[in-house]
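Chemist: I'd like to go over a predicted model; first the sequence, then the structure.
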Amino acid sequence: MSYRRAILAAIATLWASIVGVPTAVAMSPYDRLVVFGDSLSDTGNAGRFSNGPVWVEYLADRIGAALRPARDGGTNFAVGGAKTYGHEFSLRAQVEHFLASPAAGRLDDRTLVIVYAGANDLRAAVHAADRSAVVDHALHHIRAALEDLAAAGARRFLVPNLPDIGRTPEAHALGPDWVREARSLTLKFNAQLEQVLRHVEETRSVHIHRLDVFKLLEQAVEDPGRFGFRNVTVPCPHRDGATDSCSEYVFWDDMHPTTSGHARLAEAALRVLSEKSIQEIR
């Protein structure tokens with residue numbers, strides 16, 4: 001095992017011991033990840049937007065799956081700054097790039113496809129004349145991406161919802177009116193996302209794991225100590241220091257989680273996947 005993988009495994013096991021997630025890799029029915037999204041999941045296509053591993057890296061390590069950026073020949077197509085549509089690195093463009101690659105021919109029941117997008121669309125809504133339309137357009141393209149992937153053979157998905165965009169330091173810097181509006185847009189997005197996921201499941205014969213990131217952040221804000229955090233409102237002031245110097249902060253910068261926050265997100269994802277695996281065994 002490489003030094004990096006050893007560190008990932010040690011941190012993941014520590015989180016598992018705290019939150020009670022099964023440590024056995026065998027609990028997961030998946031051995032391959034394909035990832036689409038933005039900076040929350042980017043592992044090197046546009047850069048790295050945290051002070052250490054991000055959640056999909058923790059998740060990949062725990063289930064024993066290799067995960068490299070697509071630019072290096074891997075299956076993580078997430079790109080920092082990506083919206084759901086409208087530019088060459090958007091969610092739709094990522095999916096098109098994947099479907100045109102040889103990797104698309106390897107989709108099977110052991111492949112977990114992660115689609116985590118929409119945050120940048122909502123962030124940009126602050127400048128939109130019709131903010132509700134921004135939500136509608138984002139969800140249209142998420143649905144289209146899921147349907148395209150299902151048509152290509154994808155059968156198992158993990159789709160997180162969005163945390164309250166109004167909780168970010170970036171939103172607070174824009175004032176209380178935007179904080180309230182951002183929360184309202186997030187709630188609208190998440191409610192309609194669930195409708196999209198149900199529709200895709202019913203019409204495409206796929207299973208979609210849901211990851212409730214909104215609830216996870218709300219719980220962390222209400223009881224930071226339960227998750228090992230001390231500060232849930234401002235960015236870590238030691239972003240250029242050692243990784244553990246930000247371990248008690250949720251936010252690494254004005255919108256991205258610290259690697260500690262990512263580890264918590266990965267453990268929540270593992271619980272979701274493990275619960276499904278146990279149900280299948282039964």
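Modeler: Noted; the coordinates are in hand.

Chemist: hey, let's count contacts and neighbours off CA atoms from now on
Modeler: OK.

Chemist: which residues sit in contact with T233?
Modeler: Shown in contact with T233 (CA atoms under 8 Å, 6 or more residues apart in numbering): R167, T168, P169, V250, F251.

Chemist: turn these into JSON lines, columns for neighbour count, secondary structure and pLDDT.
Modeler: Output for the contacts of T233, formatted as JSON lines (neighbours: other CA atoms under 10 Å; DSSP: H, G, I helix; E, B strand; the rest coil; pLDDT from 0 to 100):
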{"residue": "R167", "neighbour count": "20", "secondary structure": "helix", "pLDDT": "98"}
{"residue": "T168", "neighbour count": "23", "secondary structure": "coil", "pLDDT": "98"}
{"residue": "P169", "neighbour count": "19", "secondary structure": "helix", "pLDDT": "98"}
{"residue": "V250", "neighbour count": "31", "secondary structure": "strand", "pLDDT": "98"}
{"residue": "F251", "neighbour count": "26", "secondary structure": "strand", "pLDDT": "97"}
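
Chemist: can you redo these as TSV with distance to L146?
Modeler: Below are those laid out as TSV (distance: CA to CA, whole Å):
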residue	distance to L146
R167	28
T168	27
P169	31
V250	30
F251	29
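
Chemist: please identify which of those residues is nearest to G86.
Modeler: T168 (24.3 Å; CA to CA).

Chemist: residues in contact with that closest one?
Modeler: With CA under 8 Å, 6+ apart, T168 has these contacts: T233, F251, D254, M255.

Chemist: also R180?
Modeler: G166.

Chemist: separation between it and V250?
Modeler: 20 Å (CA to CA, to the nearest Å).

Chemist: and of the contacts of T233, the nearest to H238?
Modeler: Once CA to CA is applied, the member of the contacts of T233 that ends up nearest H238 is F251, at 11.2 Å.

Chemist: specify the beta-bridge partners of that closest one.
Modeler: Beta bridges link F251 to P235, P257 when assigned by DSSP bridges.

Chemist: I'd guessed it sits against R230; true?
Modeler: No. Between F251 and R230 there is no contact under CA atoms under 8 Å: 11.0 Å.

Chemist: what ranges do the helices span in the stretch 1-150 of the chain?
Modeler: 3-19, 55-63, 91-99, 119-124, 131-151 (DSSP state H, counting those that start in this stretch).

Chemist: and the shortest one, what's buried?
Modeler: The one in question is helix 119-124. A119, N120, D121, L122, R123 (16 or more other CA atoms under 10 Å).

Chemist: other residues contacting it?
Modeler: 38, 81-84, 134-135, 138, 162, 165, 182, 185-186.

Chemist: change it to 6 Å
Modeler: K83 (CA atoms under 6 Å, 6 or more residues apart in numbering).
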